[in-house]
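**Q** here is my input; please provide its structure:
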Amino acid sequence: MKIYRLHKKQNLPISIDTAWNFLSDPTNLKIITPDYMGFNILSGADRPMFAGQIIQYIVTPVLGIKTKWVTEITHVDNKHYFVDEQRFGPYALWHHKHFIKKIDGGVEMEDIIDYKVPFGILGQLVHPIIVKPKLEEIFNYRTTKLEELFGKY
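**A** Here you go, the predicted model:
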């Protein structure tokens, strides 16, 4: 069983409150997700983030195939970090840690995603060709979009 990791950091010239309020609001995921992914929240984003929150989405990650994705917010430490884990969706495992910390002149945001692709050896073969580049593209889009919204550090 191969578990992969994607690790991204970004600094933004905003307050910890602004960063937390934006990032901990699931409805803002649509803003920082490429339009072609058809991101749509079905349920669960009607309250402020809390541990145990279940959020259901529809996404179209590849080849126009709509996929239901269900995540649970498993941990929340206000203005420090939160964790979302896939309960149902395209990955065999998805564990995404979001860290936010104050730095001089702004905040550092850090994403650590541990994930496993489905379909065993076949999934591992397509990982470097499709999955990894697609995840890099999505998180690079997020970086650019957050800089457009909040400015460069």
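
**Q** C-alpha from now on. contacts and neighbour counts both.
**A** OK.

**Q** would you confirm that residue 83 contacts residue 100?
**A** No. With contact defined as C-alpha atoms under 8 Å, residue 83 does not count as touching residue 100 (11.8 Å).

**Q** what distance separates the longest helix along the chain from the centre of its chain?
**A** In the chain, assigned by DSSP state H, the helix with the most residues is helix 132-150. Chain-centre distance of helix 132-150: 10 Å, with C-alpha atoms, centre = their mean, to the nearest Å.

**Q** next one: stretch 146-153
**A** Its chain's average C-alpha position is 17 Å from that of stretch 146-153, according to C-alpha atoms, centre = their mean.

**Q** now do stretch 25-37
**A** A distance of 9 Å separates the C-alpha centroid of stretch 25-37 from that of its chain, computed with C-alpha atoms, centre = their mean.

**Q** for it, give the mean pLDDT please.
**A** For stretch 25-37, the mean pLDDT works out to 94.

**Q** would you mind writing the CA trace of it as CSV?
**A** Extracted in CSV, the C-alpha atoms of stretch 25-37 (Å, rounded to 0.1, in the frame of the first residue of the first chain):
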residue,chain,number,x,y,z
ASP,A,25,-15.6,28.4,5.6
PRO,A,26,-16.3,25.4,3.3
THR,A,27,-18.3,27.6,0.9
ASN,A,28,-15.0,29.4,-0.1
LEU,A,29,-13.6,26.1,-1.6
LYS,A,30,-15.6,26.9,-4.8
ILE,A,31,-13.6,30.2,-5.1
ILE,A,32,-10.2,28.5,-4.9
THR,A,33,-11.1,25.5,-7.0
PRO,A,34,-10.7,25.6,-10.8
ASP,A,35,-14.0,26.1,-12.6
TYR,A,36,-13.6,23.1,-14.8
MET,A,37,-13.9,20.9,-11.7
